[in-house]
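S.K.: the amino acid sequence is not available; the structure is as follows:
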């Protein structure tokens, strides 16, 4: 209502020629402010500035004009207008935005208003983050959180949490990032503040993008897009469209990605959002590069780079320099290519951002691969893998620290709550505790006596049971994850069916089918393993033709191998026979071939069998990514959770290899692995050629 009144005033002929520069500027700030104009005092102030201030033409900057226009207003009104100016100029004029926030903080300190100071500090942190100064940004967010907590301002506390989470995400610490973002999300949901919710969900979408869980990323980003459409947040809508385009690009859905990029570009042009335009142009340039339209790719990348430098958008500078390097390399302009790579590396090193450094190593590796210098390509690829592994290790450490922090926070909260309980409740609580303690002692005594009376298991038996318990917990986790993916995909289809293209629907259905298939394989392995542990699987050896068994098993994987352009080669004499349990040996070969396909991007899987020293020796050899000794020495141990992603993001639990070990040992055989990083892996087992023993 109030905003409509202002628009009417602006359109009336009475005000047509008497708006001052300061009044027009202030009017624009208030109309574009994320705050709603619903205060009569705000309306009165704007009207005064529009109609009373003289219409003088001044040569000062926008901030100087604003400062002059609001100098006589109440302090709190000045702070709000300065922070609104900071928000609107965070991307297109970052240094003016910083000055505006500094003025707001100075006035906040003068009147000791910690609530408004917290908001100004949060906005300064956003600007420093955009400029790539993460240390300064982190300092601003922590100061904002402290002031917001002292002011008991839930909104700014939540924004501080989400902003801190955003910095930890950029530094590669996804676990700690998610912890802070979820704290913020809980507050925003309690307040039903949709703008805050959308900031959190877009951050979560970016975390899942970093982890290459693209379906979950799309789930959160599409949810964010719906919220921003509801609240008419056009700038937020543009950013979300751009991020959705990025995800579809990484999923190799180029046509869908381009559609979203062009939609985002249209929004960014209307908003005059320079940072957004730089990001979109970079994305479009990448698509042209993939289509080998190098001149168009060069044009868009140069535009994106120039704009990134103009607004001090450091991440854009790194990304565009790296991509320009590959374009120049394909155009055989080697000096320009290496100059761009070096510039990107220098900027990324100064920013100390894990994902940007990771990007630089990847582009150096790609560049040398284009040049045919595979030695240097491998060198940078190893640096890339090492840094990626360190990020994963950092996340594990962060998980421990975040759990500890959550525990301490919960403990402090409970202690504070107890201090506020009245004396009568304390007495009742103590009585209840005494009763509970007595019951615990009685129950513990009963359990202990029963334990002593009926203890039949040895220390070894108890140890094995503990290992099984731990193992089943791991399996439960890995079973839950694919079902979440399936449910997420179904939810996207259900809620967005008519908005999705046929291509998008097919992609989601394909992901559902693939995930369901992998889940079925996991369940099948789990069932077989559990039957083995309970003695329900009997060892029934018979004479088996190995060549026939290998061909039958390999035929199950022809489609999977074809999808990755892999060749399955069987090197086994036609008449080679072994006395073994056919079902167990089939399970062993199925898991070893599946494992080889999962970790091989190109080349072949070779299955070789021959006699050696009275035993059958079988080798399943792949040309995949390989592994180091620290990793593969725990592959066959049930009490060590060893798992990693395949070349196409396939997730495993290690259960199949545990089954292989148990079944080979039932044949009085041995199984082991030989591998080196980047040189493939050999899974080898031996079993006696003739045995009549049954286990």
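M.R.: Structure received. Bear in mind the structure is a predicted one, so any value in this text is a computation, not a measurement.
S.K.: check which residues of whichever strand or helix holds residue 103 are buried.
M.R.: Residue 103 belongs to helix 94-111 when assigned by DSSP states H and E. Residues of helix 94-111 classed as buried by neighbour count (16 or more other CB atoms under 10 Å): 94, 96-101, 103-105, 107-108. Quick note: C-beta positions are derived from backbone N, CA and C, even for glycine.
S.K.: out of those, who's nearest residue 363?
M.R.: Within the buried residues of helix 94-111, proximity to residue 363 (CB to CB) peaks at residue 94, which comes in at 26.2 Å.
S.K.: just the strands in this structure please.
M.R.: Using DSSP state E, the strands of the chain run over residues 542-545, 566-571, 577-580, 603-612, 615-622, 670-675, 681-688.
S.K.: and of the ones you listed, who's closest to residue 382?
M.R.: Counting by CB to CB, residue 382 lies closest to strand 670-675 out of the strands of the chain; the figure is 15.4 Å.
S.K.: I'd like to know which elements the closest one is packed against.
M.R.: With contacts taken as 3 or more CB pairs under 8 Å, 6 or more residues apart in numbering; DSSP states H and E, strand 670-675 sits against helix 655-666, strand 681-688.
S.K.: relative to strand 670-675, how tilted is the last one?
M.R.: Interaxial angle of strand 681-688 relative to strand 670-675 (axes from the mean of the first three to the mean of the last three CA atoms, to 10 degrees): 160 degrees.
S.K.: quick revisit: nearest to residue 367, out of the helices and strands packed on strand 670-675?
M.R.: Taking CB to CB, strand 681-688 is the member of those nearest to residue 367, at 28.2 Å.
S.K.: now stretch 661-680: how far from the chain's centre is it?
M.R.: Centroid displacement of stretch 661-680 relative to its chain, using CA atoms, centre = their mean, to the nearest Å, is 34 Å.
S.K.: whoops, I mixed them up, stretch 629-637
M.R.: The answer for stretch 629-637 is 27 Å, by CA atoms, centre = their mean.
S.K.: cool, and stretch 184-193?
M.R.: For stretch 184-193, the distance to the chain centre is 21 Å (CA atoms, centre = their mean).
S.K.: what of stretch 605-617?
M.R.: With CA atoms, centre = their mean, you get 44 Å for stretch 605-617.
S.K.: wouldn't residue 578 be in contact with residue 616 here?
M.R.: Yes: the pair residue 578 and residue 616 passes the contact test of CB atoms under 8 Å, sitting 4.9 Å apart.
S.K.: and residue 321, how close does it get to residue 170?
M.R.: 18 Å (CB to CB, to the nearest Å).
S.K.: kindly apply the preceding question to residue 93 instead.
M.R.: 22 Å.
S.K.: how does this structure divide into domains?
M.R.: 456-533, 542-688 (automatic domain parsing).
S.K.: where among those domains is average confidence lowest?
M.R.: Lowest mean pLDDT within these: domain 456-533, a mean of 65.
S.K.: what segments of the stretch 451-600 of the chain are helices?
M.R.: 459-496, 502-533, 546-555, 558-563, 582-598 (DSSP state H, counting those that start in this stretch).
S.K.: list of residues touching the fourth one?
M.R.: Applying CB atoms under 8 Å, 6 or more residues apart in numbering, the set of residues contacting helix 558-563 from outside is 567-568, 594, 597, 605.
S.K.: so which of those comes closest to residue 138?
M.R.: Here the nearest of the contacts of helix 558-563 to residue 138, counting by CB to CB, is residue 597; it sits at 43.5 Å.
S.K.: that closest one: what's it in contact with?
M.R.: Residue 597 makes contacts with 557, 560-561, 564, 566, 605, 622, as judged by CB under 8 Å, 6+ apart.
S.K.: quick one: buried ones out of those residues?
M.R.: Neighbour-count burial (16+ other CB under 10 Å) applied to the contacts of residue 597 gives 557, 560-561, 566, 605, 622.
S.K.: now distance to residue 634 too, for those residues, in CSV please.
M.R.: Shown next, in CSV, are the buried ones among the contacts of residue 597 (distance: CB to CB, whole Å):
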residue, distance to residue 634
557, 26
560, 26
561, 27
566, 26
605, 23
622, 19
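S.K.: max pairwise distance over these: which two?
M.R.: Checking the buried ones among the contacts of residue 597 with CB to CB, the most distant pair is 560 and 622, at 13.0 Å.
S.K.: residues near the closest residue to residue 582 other than its chain neighbours, how many?
M.R.: Taking CB to CB, 6 or more residues apart in numbering, and ignoring the residues beside it in sequence, residue 582 has residue 544 as its nearest neighbour in space, at 5.2 Å. Neighbourhood size, residue 544 [other CB atoms under 10 Å]: 17.
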